[in-house]
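[1] Task: produce atomic coordinates for the following.
(one chain, ligands or ions: 1)
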Amino acid sequence: MLSNKEVQQRLEAAGQAHVLQFWSELNEEERTSFLQDLSQLDLKGLKDHCEGARRAAESPSDSLDQFIEPVPAGSIGSVRKSDKERLTEWENEGLLQISQNRVGVLLLAGGQGTRLGVQYPKGMYDVGLPSRKTLYEIQAERIHKVQQLAERRHGSRGTVPWYIMTSEFTLAPTETFFKENHYFGLKPSDVVMFEQRMIPAVSFDGKIILQAKGKIAMAPDGNGGLYQALVDNGVLEDMEKRGVEYLHVYCVDNILVKMADPVFIGFCVSRGADCGAKVVEKACPAEPVGVVCKVKGVTQVVEYSEIKPETAELRGPGGELVYSAGNICNHFFTRAFLQDVAEKFKEQLKQHVALKKVPFVDSCGNQVKPTKPNGIKMEKFVFDVFPFSRNFVAFEVVREDEFSPLKNADGAPTDSPTTARNSLLNQHCRWAVAAGATLIDEQGNTVPPSTRVSVGDVPPARCEISPLVSYFGEGLDKLLKGQILQTPFILDEKKAKELQAQ
Ligand SMILES: CC(=O)N[C@H]1[C@@H](OP(=O)(O)OP(=O)(O)OC[C@H]2O[C@@H](n3ccc(=O)[nH]c3=O)[C@H](O)[C@@H]2O)O[C@H](CO)[C@@H](O)[C@@H]1O
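    Residues are numbered from 1 along each chain as shown. Next comes the predicted model:
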């Protein structure tokens, strides 16, 4: 730990002497803790960081809109446009890689979930399914099941390690939650949690914001902080030791996420890709998803916050959106590519500016909760490594099957706990009906087999299928064909055994 004097000198050199303005009011304990925090900061790089943030907020970088063009539709792989044989080939390939221990999943879980408005990590959220499972539990069960499917198909059992990137905000509660839930039956050594870095929030005049008299306001460095965090925490070495060559990176809040999706992995591997992204067709121009497109000829993602509405609204001759390849934050990387990024490119990642409301203490020591943005947070984005790829592929999946994120609190029209719950229950109704079951709703009516509903719509019945029974609808005909099911209905492992015994 640095001494008070050393910290003071370095802060002065960075033009940030105000950070210690309440030093005399702190007790011994507060001083020690503050010094500890400050010693961990990159005090040498602080001046550049604060200056950079101030300049970036003052003159936002030129809009990319004039340089962008859509990715040609033909160059995007697609679930909808591929025949069954091809999809099975990819799935086989993916399951083979899984059975050989060559696939890992990496969860981006360092975000603060501000829009959802809960104080705990989003993965711990219970969207109100009949089973009351949290997002983490659903994801863990999908890992169990995909390992089992790979073993059945290829005769050897592989392990899919689960890497979880957390931040100062989410690490402790996530660890406790996993411990309390016995890692959902996974081996604790196969669940690897690590922390991304935090960086100071800066005021519009380039000064570090004090959140309390002895604490500076810090924020995670964006999900693109992943690449530094992989290095800081020896994650690439861990992958190498386990023989993991392919990584499926995903965002915490998509209730339909296919963990280590064999079809996606198989598609990327058979294309020889080093880097890939799943996309869905954008629902509407203003949907808050990034778009995969070309910027100055290079494929990358332009984030929803950085595209002009008039560009997002552009339509082609058939009325379709020109920029329709919506990023769902499901990425594929080879370990070799990540190693390259770690060694050569991670310093070149773009910094994005986010203007946020950051609670602070004013110069008189009063705690203030701002009502409008007062601070700059600099963030890196996970997809900003795409331009460094030698062979990037995009893969379009079906929204109803794979994308329903939890971003907002209930009451919002989209991306809420209700829409996430509905999307999952709708999918499971579709699976049950396709397997030959007849569903009876809670009023005693038979659900017509042809009922089609869009993502997030109220489901025709409450039918929930445990991922431990079926990963993506497979194997259900043996259990459900000809069954008349009164809903609410939960098909868990116990119920599956009963049905099998019939
Ligand atoms: C930068 C990025 O990827 N944006 C994507 C993200 O947007 P969106 O703005 O929704 O991104 P979020 O803020 O939800 O973050 C995405 C994920 O990154 C994690 N996280 C975030 C910040 C951080 O410092 N550390 C961290 O791990 C979050 O916990 C979350 O799992 O998801 C959308 C789909 O749902 C995509 O269309 C967006 O293109």
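[2] Tell me which stretches of the stretch 201-350 of the chain form helices.
    226-232, 235-242, 262-270, 309-312, 335-340 (DSSP state H, counting those that start in this stretch).
[3] Throw the ones you listed into JSON lines and include mean neighbour count, distance to W431 and mean pLDDT, thanks.
    Bear in mind the C-beta positions are built from the backbone N, C-alpha and C, glycine included. JSON lines is the format used below for the helices of the stretch 201-350 of the chain (neighbours: other C-beta atoms under 10 Å; distance: least, C-beta to C-beta, whole Å; pLDDT from 0 to 100):
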{"stretch": "helix 226-232", "mean neighbour count": "21", "distance to W431": "33", "mean pLDDT": "97"}
{"stretch": "helix 235-242", "mean neighbour count": "16", "distance to W431": "32", "mean pLDDT": "98"}
{"stretch": "helix 262-270", "mean neighbour count": "25", "distance to W431": "16", "mean pLDDT": "98"}
{"stretch": "helix 309-312", "mean neighbour count": "14", "distance to W431": "34", "mean pLDDT": "96"}
{"stretch": "helix 335-340", "mean neighbour count": "18", "distance to W431": "34", "mean pLDDT": "98"}
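[4] Determine which of those helices approaches E85 most closely.
    helix 262-270 (12.7 Å; C-beta to C-beta).
[5] elements contacting that closest one?
    If you count contacts as 3 or more C-beta pairs under 8 Å, 6 or more residues apart in numbering; DSSP states H and E, helix 262-270 packs onto helix 84-99, helix 135-154, strand 246-251, strand 275-281, strand 325-334, strand 392-396.
[6] Columns mean neighbour count on top of those, output as CSV?
    Formatted as CSV, these follow (neighbours: other C-beta atoms under 10 Å):
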stretch, mean neighbour count
helix 84-99, 19
helix 135-154, 20
strand 246-251, 24
strand 275-281, 25
strand 325-334, 24
strand 392-396, 23
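[7] Tabulate those in CSV, adding columns for distance to the ligand and mean pLDDT.
    Below are the helices and strands packed on helix 262-270 laid out as CSV (distance: least, C-beta to the nearest ligand atom, whole Å; pLDDT from 0 to 100):
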stretch, distance to the ligand, mean pLDDT
helix 84-99, 22, 98
helix 135-154, 10, 98
strand 246-251, 4, 98
strand 275-281, 9, 97
strand 325-334, 4, 98
strand 392-396, 13, 97
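[8] ok, and what's touching stretch 23-38?
    In this structure, residues lying in contact with stretch 23-38 by C-beta atoms under 8 Å, 6 or more residues apart in numbering are M1, L2, S3, N4, V7, L11, V19, K213, G214, K215, I216, G365.
[9] Alongside the ligand, which residues does the stretch 1-150 of the chain contribute?
    Residues of the stretch 1-150 of the chain that fall close to the ligand, judged by C-beta under 6 Å from any ligand atom: L108, A109, G110, G111.
[10] Among those residues, which one has the most neighbours?
    G110 (29 neighbours; other C-beta atoms under 10 Å).
[11] ok, back up a step: mind putting the contacts of stretch 23-38 into CSV with pLDDT, distance to Y163 and neighbour count?
    Shown next, in CSV, are the contacts of stretch 23-38 (pLDDT from 0 to 100; distance: C-beta to C-beta, whole Å; neighbours: other C-beta atoms under 10 Å):
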residue, pLDDT, distance to Y163, neighbour count
M1, 82, 30, 12
L2, 84, 32, 16
S3, 88, 37, 10
N4, 87, 38, 14
V7, 91, 34, 21
L11, 93, 35, 20
V19, 95, 34, 23
K213, 96, 37, 17
G214, 96, 34, 23
K215, 96, 29, 14
I216, 95, 29, 20
G365, 93, 42, 12
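[12] and stretch 455-472, is it in reach of the ligand?
    No - under the criterion of C-beta under 6 Å from any ligand atom, stretch 455-472 makes no contact with the ligand; the nearest approach is 12.8 Å.
[13] Noted, bye for now.
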